[in-house]
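Colleague: sharing a sequence plus its predicted fold:
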Amino acid sequence: MATRFEKPADLLDAVGKHLGFSDWETVDQQRIDQFANATGDHQWIHVDPEKAADGPFGKTIAHGYLTLSMANLFLPQVMQVDNTSMGVNYGCEKVRFPSPVPVGSRIRGGGEVMSVEEVKGGIQVVVRMTIEIEGADRPACVVDTISRFYP
């Protein structure tokens, strides 16, 4: 369940707040293949299950950028800002991929508010999304997302 903020200005008091976790999402071969088709990245470690079975991971793995893009799915599941005219993805800061995501894995995102500041007409918030792999010791991706919310 998402942490709700009544209005963008309420984010100003949220620095350091953990927002909770998204639902688990399975990363199947169809999703990996669709991402490969969308981006043109058809490297065998992602799209060739037979060859990947003999590779370093024992099966295909999700693209790092596919895992990163899942932050866009998970963020609204952990944070909702009401009474806005719009919210925009302003970008990302530091991004890391500590662990690969093997096909068939379940992942979820957890969020923590790192910083908040007023910007012209709105509020900018940096949320660190940590994308976890179910049962793994290390996360798949850690990214500081930047969003802007306008009242």
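Modeller: Yes, it's here. Numbering: from 1, shown residues only.
Colleague: output the contacting helices and strands for the longest helix belonging to the chain.
Modeller: Longest helix in the chain by number of residues (criterion: DSSP state H): helix 29-39. Judged by 3 or more Cβ pairs under 8 Å, 6 or more residues apart in numbering; DSSP states H and E, the packing partners of helix 29-39 are helix 44-47, helix 64-69. (Glycine included, C-beta is placed from N, CA and C.)
Colleague: would you list those helices in TSV and tack on distance to residue 27, mean pLDDT and mean neighbour count?
Modeller: Below are the helices and strands packed on helix 29-39 laid out as TSV (distance: least, Cβ to Cβ, whole Å; pLDDT from 0 to 100; neighbours: other Cβ atoms under 10 Å):
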stretch	distance to residue 27	mean pLDDT	mean neighbour count
helix 44-47	11	97	17
helix 64-69	8	98	19
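Colleague: and the ones you listed: which comes nearest residue 75?
Modeller: helix 64-69 (11.2 Å; Cβ to Cβ).
Colleague: check which element follows that closest one along the chain.
Modeller: Sequence-wise, the next helix or strand downstream of helix 64-69 (DSSP states H and E) is helix 71-78.
Colleague: pull out the buried positions in the next helix or strand after that following helix.
Modeller: Sequence-wise, the next helix or strand downstream of helix 71-78 (DSSP H and E) is strand 79-81. Residues of strand 79-81 classed as buried: 79, 81 (neighbour count, 16 or more other Cβ atoms under 10 Å).
Colleague: so what are the sheet partners of strand 79-81 and their directions?
Modeller: strand 3-5 (parallel) (DSSP bridges).
Colleague: pLDDT (mean, whole number) over the partner strand?
Modeller: If you average the pLDDT over strand 3-5, you get 96.
Colleague: can you name every helix or strand that the helix or strand following it contacts?
Modeller: Using DSSP H and E, the next helix or strand after strand 3-5 towards the C-terminus is strand 18-21. If contacts are counted by 3+ Cβ pairs under 8 Å, 6+ apart, strand 18-21 sits against helix 71-78, strand 106-119.
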